[in-house]
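In: my questions are about this predicted structure, shown below with the sequence.
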Amino acid sequence: MIKVGVLGADGKMGAEVCRAVAQDQETELAAKVDPVGGPDGPDGLDALVAAGVQVAVDFTHAQAAIKNAHWCIEHGIHLVVGTTGITGSDLVDIGARAEAAKVGVFVAPNFAIGAVLMIHFAQVAAAHMHDAEIIELHNPAKLDAPSGTALRTAESIAQVTGNALPTIHSVRLPGLVAHQEVIFGGTGQTLTIRHDSTDRTSFMPGVLLAIKKVASMPGLTVGLDTLLDI
């Protein structure tokens with residue numbers, strides 16, 4: 001049984017993670033922490049140590065997540081991060097700290113398996129249709145724009161085409177959860193690849209998979225695709 005602590009437990013994603021962890025037969029919800037990452041540093045994280053947490057899951061905000069990552073690494077707690085907006089330089093620093101401490105840190109811009117497949121299919125399409133634009137649509141509470149998923153998709157397409165990053169359009173409207181379209185254009189034709197998360201439960205299989213794998217992957221691992229056979 002893996003003892004799990006959830007950071008940002010009072011948020012919408014954090015609450016969903018708490019439910020998923022509590023219901024899974026291989027995980028135990030050992031600690032719920034919120035708020036975290038105040039202006040003077042992480043708040044309440046000592047509860048993770050007191051509860052014997054082995055893996056922490058962070059769904060907070062970028063500034064807090066960076067501080068939380070440093071704290072967890074220092075205390076030997078493996079970490080799964082669903083918070084987006086963490087910069088490349090911060091990820092490099094987190095990776096170096098995790099490698100030195102032999103702690104696993106897993107970061108993913110999207111934990112929905114369908115979203116990972118969308119990015120994969122977009123890479124396949126980009127080899128044959130080089131012109132693309134991305135539309136990402138989320139609820140107004142999402143703080144970062146463009147989304148981490150859209151940025152990762154754009155980078156994946158650019159790696160294949162050798163072109164500049166595709167244009168990303170960000171939409172924030174009530175009623176949306178998480179949606180993305182990748183539209184390719186060619187002579188006399190278009191191709192649209194779309195993924196829709198209509199409920200936050202769509203992210204939970206990926207989160208649980210990361211929780212169960214992160215301890216076996218010291219250092220930094222980025223992207224749910226690393227855990228899937230695609």
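Out: Perfect, I can see it now.
In: the chain: strands as residue ranges?
Out: 2-7, 27-33, 55-58, 78-81, 104-107, 131-138, 167-172, 178-186, 189-197, 219-222 (DSSP state E).
In: if I look at Gly44, how far off is Gly5?
Out: 10 Å (C-beta to C-beta, to the nearest Å). The way it works is simple: take the backbone N, C-alpha and C, and place the C-beta from them, glycine included.
In: okay, the closest residue to Gln123 other than its chain neighbours and Leu224: tell me how far apart.
Out: Sequence neighbours aside, Ser156 is the residue nearest to Gln123 in space, at 5.0 Å (criterion: C-beta to C-beta, 6 or more residues apart in numbering). From Ser156 over to Leu224 the distance is 13 Å, taken as C-beta to C-beta.
In: what about those two, which has more around it?
Out: Taking other C-beta atoms under 10 Å, Ser156 and Leu224 do not tie; Leu224 has more neighbours (26 against 19).
In: you'd agree that one is up against Val207?
Out: No: here Leu224 lies out of contact with Val207, judged by C-beta atoms under 8 Å, at a distance of 9.3 Å.
In: report the set of residues contacting both of the two.
Out: Phe111 (C-beta atoms under 8 Å, 6 or more residues apart in numbering).
In: sorry, back to before: which of Gly44 and Gly5 has more neighbours?
Out: Neighbours per residue, other C-beta under 10 Å: of Gly44 and Gly5, the larger number sits with Gly5, 29 against 17.
In: including mean pLDDT and distance to Ile230, could the strands of the chain go into TSV?
Out: Formatted as TSV, those follow (pLDDT from 0 to 100; distance: least, C-beta to C-beta, whole Å):
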stretch	mean pLDDT	distance to Ile230
strand 2-7	97	25
strand 27-33	96	24
strand 55-58	98	23
strand 78-81	98	20
strand 104-107	98	17
strand 131-138	98	20
strand 167-172	98	23
strand 178-186	97	16
strand 189-197	98	14
strand 219-222	96	15
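In: residues contacting the closest residue to Asp199 other than its chain neighbours?
Out: Sequence neighbours aside, Val177 is the residue nearest to Asp199 in space, at 6.5 Å (criterion: C-beta to C-beta, 6+ apart). Counting by C-beta under 8 Å, 6+ apart, Val177 touches 138-139, 196-200.
In: where does the chain have low pLDDT?
Out: Low-confidence segments of the chain (pLDDT under 70): 35-43.
In: just the helices in it please.
Out: 12-23, 46-50, 62-74, 88-101, 113-126, 148-161, 204-213 (DSSP state H).
In: who touches Ala158 in this structure?
Out: Ala158 is in contact with 164-166, counting by C-beta under 8 Å, 6+ apart.
In: which phi and psi does the residue of the chain most remote from its centre have?
Out: Distance from the C-alpha centroid of the chain peaks at Gly188, with 36.3 Å (C-alpha atoms, centre = their mean). For Gly188, the backbone dihedrals (degrees, to the nearest 10) come out as phi 70, psi 20.
In: okay, and the common contacts of Ser156 and Leu224?
Out: By C-beta under 8 Å, 6+ apart, no residue touches both Ser156 and Leu224.
In: list the contacts for Val214?
Out: Counting by C-beta under 8 Å, 6+ apart, Val214 has contacts 55, 78-80, 104-106, 221.
In: before we move on, the earlier item: the residue nearest to Gln123 touches Val124, doesn't it?
Out: No: the criterion here is C-beta under 8 Å, and Ser156 misses it with Val124 at 10.3 Å.
In: returning to that earlier point: tabulate the contacts of Val177 (JSON lines), appending distance to Leu151.
Out: Shown next, in JSON lines, are these (distance: C-beta to C-beta, whole Å):
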{"residue": "His138", "distance to Leu151": "13"}
{"residue": "Asn139", "distance to Leu151": "18"}
{"residue": "Asp196", "distance to Leu151": "19"}
{"residue": "Ser197", "distance to Leu151": "17"}
{"residue": "Thr198", "distance to Leu151": "22"}
{"residue": "Asp199", "distance to Leu151": "23"}
{"residue": "Arg200", "distance to Leu151": "21"}
